[in-house]
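A.B. asks: no sequence on this one, just coordinates:
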């Protein structure tokens, strides 16, 4: 009886293994190119969504700062820096810097300062 169960289990695993090998077989060159194109498109979409999120946050911060000034409260906060982007998007420093540099190159924000902790960003006024 135990041998019969062992044989049945072996046959089942044999067929499962054959199907699994087909799933993980090497892809054709054009299949790989299609997967790469889809990956690049998805990454570009995510990047654009994140940059839009940064701009939206900066706009809200600018409105909040102007409201504070109207109330006579002086905000000591300069503006928006790389660390804010890191926290907002939960990304590393290089990724945050990349997004900020792209937004600056697109003419949507201005960088104030050259390097170091004194660098901050403001929305470009139309």
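C.D. replies: Received it, and whenever you're ready, just let me know what you need. It should be emphasised that the depicted structure is a prediction, and the values quoted were computed from it without experimental measurement.

A.B. asks: which one's the longest helix in the chain?
C.D. replies: Longest helix in the chain, counting residues (DSSP state H): helix 29-70.

A.B. asks: Tell me which helix or strand comes right after it.
C.D. replies: Next along the chain after helix 29-70, taking DSSP states H and E as the criterion, comes helix 82-89.

A.B. asks: Report all helices and strands that that next one contacts.
C.D. replies: Helix 82-89 is packed against helix 29-70, helix 93-105, with contacts defined by 3 or more C-beta pairs under 8 Å, 6 or more residues apart in numbering; DSSP states H and E. To be clear about C-beta, it is placed using only N, CA and C from the backbone, and glycine gets the same treatment.

A.B. asks: which regions of this protein sit below the pLDDT cut-off?
C.D. replies: Along the chain, the model assigns pLDDT under 70 to residues 1, 18-27, 74-78, 126.

A.B. asks: on that earlier part again, for the longest helix of the chain, name the packing helices and strands.
C.D. replies: The helices and strands touching helix 29-70, judged by 3+ C-beta pairs under 8 Å, 6+ apart, are helix 82-89, helix 93-105, strand 120-123.

A.B. asks: try 6 Å
C.D. replies: Other elements packing on helix 29-70 under the criterion 3 or more C-beta pairs under 6 Å, 6 or more residues apart in numbering; DSSP states H and E are helix 82-89, helix 93-105.

A.B. asks: The shortest one: which residues count as buried?
C.D. replies: Okay, so that is helix 82-89. For helix 82-89, the neighbour count (16 or more other C-beta atoms under 10 Å) marks 82, 84, 85, 86, 88, 89 as buried.

A.B. asks: what comes into contact with that helix?
C.D. replies: By C-beta atoms under 6 Å, 6 or more residues apart in numbering, the list of residues contacting helix 82-89 from outside reads 50, 54, 57, 96, 97.

A.B. asks: Setting aside sequence neighbours, what's the nearest residue to the last one?
C.D. replies: Think residue 97. Excluding its sequence neighbours, the residue lying closest to residue 97 (C-beta to C-beta, 6 or more residues apart in numbering) is residue 82, at 5.8 Å.
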